[in-house]
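Asker: how would this look folded up:
(3 chains)
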Amino acid sequence: MKKLLIILISSSFLFSCKKDYQAPVPDFASWAPFNDPSAASLNIVSRSALEGVYTLDKGADMFGGLAAVKWSYTHNGNDTTFHVSGFFGKDISYFICQGKRLNDSILFNGYWRKMVSTETGIVRLTIGANEGGSLILSRNPVVTRGSIVIKGMFGNGNELPGNELSMVYERKLNNSLSPFLIMAHRSGGRTSDLLPASENSVEMILKTPEFGSTGIEIDVRYTSDGVPILYHDNTLNLRVVRKSGLTGEIKNYSFSQLSTFIRLINGEKIPTLRQALDAVVYRTDLRFVWLDTKFDGPIDEVRAIQKEYLQKAAAAGRSLNIVIGIPGEDQFNSFIALPNYQNTPSLCELSIEQVEQCNALVWAPRFTEGPQNEKVALIHGQGRLAFVWTLDVPEYITNFIQNGHFDAILSNYPTCVAFNYYVHQ
Amino acid sequence: MFINNHKGVLLLLAACMAVNTSLAQTDVKIDRGINRKKSLVLYLGGGVSQYTAPINTQPIGLQTSISRVAPTGTIKIMWHPQYRLRLGVESGYVDFYSYKLKNGNKNGNVRLSAVPVLVTWSMVIIRRLQVFAGFGSYFFTTRLNYEGSVKSSSHSLGSNIALSYVQPISKNLGISAEAKWMDAFQTKDHALSLQLQMRWKFLEW
Amino acid sequence: MYLRNTLSLILLLFMVQKASGQDTSFHPKHAVMFFPYPMYKKERWRSSIGFQLLTTPEDITEETRIRLPVLDWHGIKRISDHVTVDGRLLSQVLQNHLSVGLHWMKPITKNLYLSAGNDIGYWFGFLKFAGFNSEASGWINYPNFSVGYKTNRELLITFKAQCSINLFYKSANGTESFSSSNTFYNGETFTLALEQPFYNKKHLTLAFSGISNKFLWQTWALFYKTDRKLFYPQITVGFIL
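Answerer: Numbers count the residues shown, from 1 in each chain, chains lettered A, B, ... in the order given. As a prediction, the model looks like this:
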């Protein structure tokens, strides 16, 4: 019996260190000045004026020495919601806030997060009237170095903020590589990144502009009744969906069955490709969609939807490109079997010869080959774009932006790409 | 309990070893196992299982009933060497859970069952009482009836641990009562079962 | 906090045992690898060959799960009765880990043994095909502590606790490279090892480990390291030569 006890006690250690990680967005709603009835939205002039690169006076040990501050928006019918995001250089950290004016001051209320860990908390910032508030709210603000000071506090979890954060305006955001694209993997990030919405969901598509994304990659599969949906894995598993009793390959189930029984990890339904593109076209200002084909076989249905939504985007006055991804030989063969494939916008991950053969708009090599500046120049010379995927190591993101010539970086950490791109000189 | 109380576990370990220390000076009989026979033993039986993991289907909100209790069965063959630790293979069948669903005028039902295939070790801890621990895979089958029928399969790494009491009824036959914890840890499915099994020592040398 | 509690209680345990009897029944046929037996004079070397099976966390590595076993060679060289050099080679061909360290063993009673040691490990991996042009290497330090309990019917039970401290990391992709000599506490591994003779009196090692690490060398090519500790269950099977 003694041996059993020793074995049981020892065994208990084996699994004692297993942790389930979470990083829930803290409840930042209850800040009285921000909720003051006289607090009002900022206009486009003010929002544009305060975008820029800031130097951190206080909080640099937590977030790094620089911040890139940028606005984003999403539509819901006639309503537009604006968020101001700050992208930092340390530990893939960022803040996302709503902004308002109160008298001659500007208030930011929201949360911060570090992507390398589960650290998060409330952040409350103010631009005082004499510290740039009045300037930003003027009709024609001329912002110069040191003319805006954003001050405030940040906290841990749901605790009231108690740590100082202070940023001083340094310069405008970099736009030198324009139109450089910040592409978010799986519409915004993986489930393992503990973001507030699930990967490949409509909810994530609506969140991703807050992370600095200007384009998205989404994964397309077919259900058993031929409906293109967004889903990455081959199988229904607990990484992506909640427990339901349904197991095995997702292609075994019809869309009705999936829609009734399956919820993604944060409670969303698996969207159809149409639902996802509807959100992109009518509710965001995203400029690029990469449809990563996770299936073998005919691409006709996806091609028809691509064409339909390119037309809808054009009709809505949107500058949007949607490309069909060609990740392997099977998809390449299916693609070149399409009628008129040479005029179908595509992104090819294969050799440059195959890029030329299918007349892909984009060549997208894996980052593990390095910046490949000569090949990128060759592709540019052919009037095509070059994207690199999936780049998550901050040091590599910095190197690719500083020394590479790619037109887009696909990453699970668009906030890190945004920081490196916007502060680049 | 152990997992949530590391200090308690260590104190228990210390206490256990302190008890052992007091025994250390006694004349402990060393059983080298040289004269023991080796054998192959078959266990075959069945019982009921209770699914013990949460079923997180509430967001759907359409369930009419969830059934967590179902029949289960086990077959295993163990090699008993002359030493303490025994080795074998185990399989069987378990219905983890099933539920019905009503969505407007549409009805549906889901059943999740599994066939474990595990490498199993066992050890007698006191006379007639054995502990078993297995590690391997659970092969799942989902049967869904809702706007058509689907049968779909997957698998998960998993383990089990069991406590078994054997009542001999002849030289080679016995009846055992077994309490077993089954855990498919990749899919977070686990169940507790109670079974009656026949134990047959079918080969000895 | 947890580590401090653990270490202080292990120290307490050690003190409890300190006053008790010495080993008098060492039996050289117990040629085991995990159990902290001293190596007495006639024995110079002891080694085992086997494999490790590890499962990676599904939420991070997704469907790209490592299923390949790791070839495991483990050798012990006697320095004195109670001190050994412990060497280990783990290989998956494209990624490999070598370690060497000094271990000190102490019999406490006829049935209870302790050991403490420190190993230093070097790992390296390379992927040069299918769009990959990657390589990486690093140094890791492993302080460890074991408690062994010998049952009366030749089953030897060992509980081993091991820390992992990352000393150096270097990786390269194409022309891009990155290195860090930032030393950090990487995590801990708890192992329950069972060892006994099975066939022809040859000993078999069966060890179950729970690894909780920020970085695990076998996953260098799969994902970017975070400050989160990930859990890897592992089984080791060794045939003692």
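Asker: what packs against the helix or strand hosting B:Leu44?
Answerer: Assigned by DSSP states H and E, B:Leu44 belongs to strand B:39-51. For strand B:39-51, the packing partners by 3 or more Cβ pairs under 8 Å, 6 or more residues apart in numbering or on different chains; DSSP states H and E come out as strand B:69-80, strand B:86-103, strand B:173-184, strand B:189-204. Using the backbone N, CA and C atoms, a C-beta is placed for each residue, glycine as well.
Asker: the last one vs chain C: in contact?
Answerer: No - contact between strand B:189-204 and chain C, assessed by Cβ under 8 Å from any Cβ of the partner chain, is absent, since the two come no nearer than 13.9 Å.
Asker: okay, buried residues for stretch C:126-143 please.
Answerer: C:126-127, C:132-142 (16 or more other Cβ atoms under 10 Å in any protein chain shown).
Asker: scratch that, stretch C:226-241 is what I was asking about
Answerer: Buried residues in stretch C:226-241 (16+ other Cβ under 10 Å): C:226, C:228-238, C:240.
Asker: then stretch A:267-278?
Answerer: A:Glu268, A:Lys269, A:Ile270, A:Pro271, A:Thr272, A:Leu273, A:Gln275, A:Ala276, A:Leu277, A:Asp278.
Asker: now, these that are in helices?
Answerer: Mapping the buried residues of stretch A:267-278 onto helices (DSSP state H) picks out A:Leu273, A:Gln275, A:Ala276, A:Leu277, A:Asp278.
Asker: identify the residues contacting the first one.
Answerer: Applying Cβ atoms under 8 Å, 6 or more residues apart in numbering or on different chains, we find A:Leu273 in contact with A:Ile218, A:Val220, A:Pro228, A:Ile229, A:Leu230, A:Leu291, A:Val302, A:Ile305.
Asker: ok, now with 10 Å
Answerer: Applying Cβ atoms under 10 Å, 6 or more residues apart in numbering or on different chains, we find A:Leu273 in contact with A:218, A:220-222, A:227-230, A:289, A:291, A:301-302, A:305-306, A:309.
Asker: same check, this time on B:Gln186
Answerer: A:237-239, B:137-138, B:154-158, C:55, C:58, C:65.
Asker: so how far is chain C from B:Ser113?
Answerer: 22 Å (Cβ to the nearest Cβ, to the nearest Å).
Asker: quick check: buried residues in the host helix or strand of that residue?
Answerer: Applying DSSP H and E as the criterion places B:Ser113 in strand B:106-126. Of all the residues in strand B:106-126, those buried under the rule 16+ other Cβ under 10 Å are B:108-125.
Asker: and the very next helix or strand once past it, what's its mean pLDDT?
Answerer: Toward the C-terminal end, the helix or strand that comes next after strand B:106-126 (DSSP H and E) is strand B:129-145. In this model, strand B:129-145 has a mean pLDDT of 94.
Asker: in this structure C:Leu71 contacts C:Gln95, no?
Answerer: No - in this structure, C:Leu71 is not within contact of C:Gln95 by Cβ atoms under 10 Å, at 11.3 Å.
Asker: out of those two, which sits in the busier spot?
Answerer: Neighbours per residue (other Cβ atoms under 10 Å in any protein chain shown) separate C:Leu71 from C:Gln95, with C:Gln95 holding more: 23 against 15.
Asker: contacting residues around that one?
Answerer: By Cβ under 10 Å, 6+ apart, the neighbours of C:Gln95 are C:66, C:68, C:70, C:123-127, C:135-137, C:217-221.
Asker: likewise A:Phe154?
Answerer: Counting by Cβ under 10 Å, 6+ apart, A:Phe154 makes contact with A:59, A:62-63, A:95, A:110-112, A:120-125, A:161-165.
Asker: now A:Ile250. Its backbone dihedrals?
Answerer: phi -70, psi -30 (degrees, to the nearest 10).
Asker: actually, C:Gly125.
Answerer: Note on C:Gly125: its backbone torsions stand at phi -150, psi 150 [degrees, to the nearest 10].
Asker: ok so, going back, tell me which of the ones in helices among the buried residues of stretch A:267-278 is nearest to chain B?
Answerer: Using Cβ to the nearest Cβ, A:Gln275 is the member of those that sits closest to chain B, with 18.1 Å.
Asker: check the gap between the spatially closest residue to that closest one that is not a sequence neighbour and C:Leu127 for me.
Answerer: Leaving out its chain neighbours, the residue that sits closest to A:Gln275 by Cβ to Cβ, 6 or more residues apart in numbering or on different chains is A:Val202, at 5.8 Å. Separation of A:Val202 from C:Leu127 (Cβ to Cβ, to the nearest Å) stands at 36 Å.
Asker: show me where pLDDT drops low in chain C?
Answerer: Across chain C, the ranges flagged by pLDDT under 70 are C:1-30, C:64-67, C:130-131, C:153, C:199-201, C:223-225.
Asker: mind listing the helices for it?
Answerer: C:2-18, C:58-61.
Asker: give the buried residues for the strand holding B:Leu44.
Answerer: Within strand B:39-51, the residues that count as buried by 16+ other Cβ under 10 Å are B:Ser39, B:Val41, B:Leu42, B:Tyr43, B:Gly45, B:Gly46, B:Gly47, B:Ser49, B:Tyr51.
Asker: residues in contact with the most centrally placed residue in chain C?
Answerer: Computing the C-alpha centroid of chain C and ranking residues by Cα atoms, centre = their mean puts C:Gln162 first, at 7.2 Å. Residues near C:Gln162 by Cβ under 10 Å, 6+ apart: C:117-119, C:142-146, C:187-191, C:209, C:211.
Asker: let's see 6 Å
Answerer: Shown in contact with C:Gln162 (Cβ atoms under 6 Å, 6 or more residues apart in numbering or on different chains): C:Tyr142, C:Asn144, C:Thr189.
Asker: just those residues now: which is nearest B:Leu87?
Answerer: Proximity of the contacts of C:Gln162 to B:Leu87 (Cβ to Cβ) peaks at C:Thr189, which lies at 24.8 Å.
Asker: can you count the residues close to the closest one?
Answerer: Applying other Cβ under 10 Å, we find 23 residues neighbouring C:Thr189.
Asker: okay, helices next: where are they in the stretch 151-300 of chain A?
Answerer: Taking DSSP state H, counting those that start in this stretch to define them, one finds helices in the stretch 151-300 of chain A at A:202-207, A:255-261, A:273-283, A:300-315.
Asker: deepest in the core, which of those helices is it.
Answerer: Ranked by mean neighbour count, the helices of the stretch 151-300 of chain A are led by helix A:202-207 with a mean of 24 (mean count of other Cβ atoms under 10 Å in any protein chain shown).
Asker: which elements pack onto that helix?
Answerer: Secondary-structure packing of helix A:202-207 (3 or more Cβ pairs under 6 Å, 6 or more residues apart in numbering or on different chains; DSSP states H and E): helix A:273-283.
Asker: any idea of the pLDDT on the residue nearest to B:Thr74 when sequence neighbours are not counted?
Answerer: Nearest residue to B:Thr74 in three dimensions, chain neighbours excluded: B:Gly92, at 4.0 Å (Cβ to Cβ, 6+ apart). Per-residue confidence (pLDDT) for B:Gly92: 96.
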